[in-house]
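*Asks:* With the sequence up front, the predicted model follows.
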Amino acid sequence: MAVPKRKTSKTRRDKRRTHDALTVPSFSTCQKCSEPTRSHHICENCGSYNGRQILAVKE
């Protein structure tokens, strides 16, 4: 059975984990209603995407 010969140092362990951090999703404003929306997603408030009406929203 494979067993490590030496203890993995904290530095080496943390170097391996550098890419595991969470990132905050980026937001942009809707062209129609100026509400904050996630980039490349349909606006939840007015149902538009890229200046076009995609979803019919009940008011």
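*Replies:* Arrived safely, thanks for sending. Numbers count the residues shown, from 1 in each chain.
*Asks:* rest of the way, CA atoms for contacts and neighbours
*Replies:* Will do.
*Asks:* Just the strands from this protein, written as ranges.
*Replies:* Assigned by DSSP state E, the chain shows strands spanning 27-29, 36-38, 48-49, 52-53.
*Asks:* which outside residues touch the second one?
*Replies:* I take that to be strand 36-38. Pro25, Ser26, Phe27, Ser28, Thr29, Cys30, Cys43, Glu44 (C-alpha atoms under 8 Å, 6 or more residues apart in numbering).
*Asks:* Can you give me the neighbour number for the closest residue to the last one other than its chain neighbours?
*Replies:* So that's Glu44. Closest residue to Glu44 apart from its sequence neighbours, by C-alpha to C-alpha, 6 or more residues apart in numbering: Thr37 at 7.5 Å. Neighbours of Thr37 under the rule other C-alpha atoms under 10 Å: 18.
*Asks:* so Thr37 bridges to which residues?
*Replies:* Ser28 (DSSP bridges).
*Asks:* Now do the same for it: its pLDDT.
*Replies:* At Thr37, the model reports a pLDDT of 94.
*Asks:* With the one 10 residues further on instead?
*Replies:* We have a pLDDT of 92 for Gly47.
*Asks:* distance of it from Val24?
*Replies:* Separation of Gly47 from Val24 (C-alpha to C-alpha, to the nearest Å) stands at 23 Å.
*Asks:* So for the two, which residue has more residues nearby?
*Replies:* Neighbours per residue, other C-alpha under 10 Å: of Gly47 and Val24, the larger number sits with Gly47, 19 against 6.
*Asks:* so who does the closest residue to the more buried one other than its chain neighbours touch?
*Replies:* Computed as C-alpha to C-alpha, 6+ apart, the closest residue to Gly47 that is not its neighbour in sequence is Leu55, at 4.6 Å. With contact taken as C-alpha under 8 Å, 6+ apart, Leu55 is in contact with Cys46, Gly47, Ser48.
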